[in-house]
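**Student:** Provided below are the primary sequence and the corresponding predicted coordinates.
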Amino acid sequence: GAVVSQHPSWVICKSGTSVKIECRSLDFQATTMFWYRQFPKQSLMLMATSNEGSKATYEQGVEKDKFLINHASLTLSTLTVTSAHPEDSSFYICSASPSTGTEEAFFGQGTRLTVV
Amino acid sequence: AQSVAQPEDQVNVAEGNPLTVKCTYSVSGNPYLFWYVQYPNRGLQFLLKYITGDNLVKGSYGFEAEFNKSQTSFHLKKPSALVSDSALYFCAVRDGSWGKLQFGAGTQVVVTP
């Protein structure tokens, strides 16, 4: 199947700093990528839909100024957690699908963010 | 609106026994149904999907699922469970070929030796 790579796998940062998470589709182009947040032993919560070359679409209740999404190319989307606080600590996962030929989404390995 | 229900938080099964993880769904149009598995601190791995065609679909690692339109169910099954199947399983639905995936709450599978 298609490969989605997410980096870093884990990161620890201090309160008030910003953290950037990258999501790359390695062997296909993705006009749309999705960013999820997952709390321990819970399901995935869709945060936003990242669209190449245009603004991201955020789900209700997600602060767009706090979670900045940039989808500058067909293979890269980034999520920046700005002015991070301990409550932002979570597991963040991205997904993408090839534009044609397949219906399933492929997921990155996730990023464990810990804000201290 | 679309929704997915996984009624069991956890399923316990002995190694070698059949494994079933339940999923029911609700969509207004044609359901695109998926099963994913997640190991600790990892992303989701695709297991199988139902889009159209045969109601019984086969996927990775010996898993299969049966689409039942009248019961709006898409239960995941494996004839003989392995300890390595212990993981968190998610059912997901999409209304048609485009749009967002809606995930169920997840079912923790524990396979004991």
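**Tutor:** Ah, there it is.

**Student:** What parts of chain A come near chain B?
**Tutor:** By C-beta under 8 Å from any C-beta of the partner chain, the residues of chain A that approach chain B are A:1, A:4, A:6, A:10, A:34, A:41-44, A:46, A:49, A:91, A:93, A:95, A:103-110, A:112. Glycine gets a C-beta too; all of them are placed from N, C-alpha and C.

**Student:** Strands of chain A, start to end?
**Tutor:** A:4-7, A:10-13, A:19-25, A:32-38, A:44-51, A:57-58, A:67-73, A:76-81, A:90-96, A:106-107, A:111-115 (DSSP state E).

**Student:** Now mean neighbour count too, for these, in JSON lines please.
**Tutor:** Shown next, in JSON lines, are those (neighbours: other C-beta atoms under 10 Å in any protein chain shown):
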{"stretch": "strand A:4-7", "mean neighbour count": "19"}
{"stretch": "strand A:10-13", "mean neighbour count": "14"}
{"stretch": "strand A:19-25", "mean neighbour count": "21"}
{"stretch": "strand A:32-38", "mean neighbour count": "23"}
{"stretch": "strand A:44-51", "mean neighbour count": "20"}
{"stretch": "strand A:57-58", "mean neighbour count": "16"}
{"stretch": "strand A:67-73", "mean neighbour count": "17"}
{"stretch": "strand A:76-81", "mean neighbour count": "22"}
{"stretch": "strand A:90-96", "mean neighbour count": "24"}
{"stretch": "strand A:106-107", "mean neighbour count": "23"}
{"stretch": "strand A:111-115", "mean neighbour count": "19"}
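
**Student:** For these, give me JSON lines that also has mean pLDDT.
**Tutor:** Converted to JSON lines, those look like this (pLDDT from 0 to 100):
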{"stretch": "strand A:4-7", "mean pLDDT": "95"}
{"stretch": "strand A:10-13", "mean pLDDT": "96"}
{"stretch": "strand A:19-25", "mean pLDDT": "97"}
{"stretch": "strand A:32-38", "mean pLDDT": "94"}
{"stretch": "strand A:44-51", "mean pLDDT": "92"}
{"stretch": "strand A:57-58", "mean pLDDT": "94"}
{"stretch": "strand A:67-73", "mean pLDDT": "92"}
{"stretch": "strand A:76-81", "mean pLDDT": "96"}
{"stretch": "strand A:90-96", "mean pLDDT": "95"}
{"stretch": "strand A:106-107", "mean pLDDT": "93"}
{"stretch": "strand A:111-115", "mean pLDDT": "96"}
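
**Student:** Could you work out which of those strands reaches nearest to B:Phe63?
**Tutor:** Checking the strands of chain A against B:Phe63 by C-beta to C-beta gives strand A:106-107 as the closest, at 17.1 Å.

**Student:** so what does that closest one touch, helix or strand wise?
**Tutor:** Applying 3 or more C-beta pairs under 8 Å, 6 or more residues apart in numbering or on different chains; DSSP states H and E, one finds that strand A:106-107 contacts strand A:90-96, strand B:44-50.

**Student:** What average pLDDT does the helix or strand that comes right after the last one get?
**Tutor:** In other words, strand B:44-50. Beyond strand B:44-50 on the C-terminal side, the first helix or strand identified by DSSP states H and E is strand B:56-58. Strand B:56-58 carries an average pLDDT of 96.

**Student:** continuing past strand B:56-58, what's the next helix or strand?
**Tutor:** Reading on from strand B:56-58 to the C-terminus, the next helix or strand found by DSSP H and E is strand B:64-68.
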